[in-house]
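Chemist: The amino acid sequence is not available; the structure is as follows:
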């Protein structure tokens, strides 16, 4: 499933982050914004571990953050396991970034553009029905 890959990637990024010295880590953790992000990451991990995916009758639009040099996500195929759950199929959009970088420029602009296109297409489809 995509969540397993997401968890593995999150752990890998956490491992890289842990190479920061303990003194620097302590200073970073004392910053309220950093502390809040870490709390959110822990909560997301907890929720992801509890999530049980179910069959979905509609179509799923999947936005994938994939680093150009990464092959890790390819092990689950382009739909990251969602193809087996979405009876209406999976529309995949790929953005060449990692999961965290997806929320900063220029990648967030690419994501916003793709989201707008999907929303416009969905609105036109609903209007024609």
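Modeler: Yep, that arrived. Keep in mind it's a predicted model, so treat the numbers as computed, not measured. Numbering: from 1, shown residues only.

Chemist: Strands along the chain, start to end?
Modeler: 60-65, 90-95 (DSSP state E).

Chemist: May I see the buried residues of the first one?
Modeler: It stands for strand 60-65. Residues of strand 60-65 classed as buried: 60-62, 64-65 (neighbour count, 16 or more other C-beta atoms under 10 Å). Glycine gets a C-beta too; all of them are placed from N, C-alpha and C.

Chemist: a markdown table please, covering those and showing distance to residue 107.
Modeler: Shown next, in a markdown table, are these (distance: C-beta to C-beta, whole Å):
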| residue | distance to residue 107 |
| --- | --- |
| 60 | 21 |
| 61 | 17 |
| 62 | 16 |
| 64 | 12 |
| 65 | 7 |
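
Chemist: quick one: which of those is nearest residue 37?
Modeler: Among the buried residues of strand 60-65, residue 65 lies closest to residue 37 (C-beta to C-beta), at 17.2 Å.

Chemist: Look up how far residue 39 lies from the residue nearest to the closest one when sequence neighbours are not counted.
Modeler: Leaving aside its sequence neighbours, residue 65 sits nearest to residue 102 (C-beta to C-beta, 6 or more residues apart in numbering; 4.4 Å). Distance, residue 102 to residue 39, by C-beta to C-beta, to the nearest Å: 20 Å.

Chemist: can you pull the contacts of residue 83?
Modeler: Contact analysis of residue 83 by C-beta atoms under 8 Å, 6 or more residues apart in numbering lists 77, 89-90.

Chemist: same thing but at 6 Å, please
Modeler: For residue 83, the contact set (C-beta atoms under 6 Å, 6 or more residues apart in numbering) comprises residue 90.
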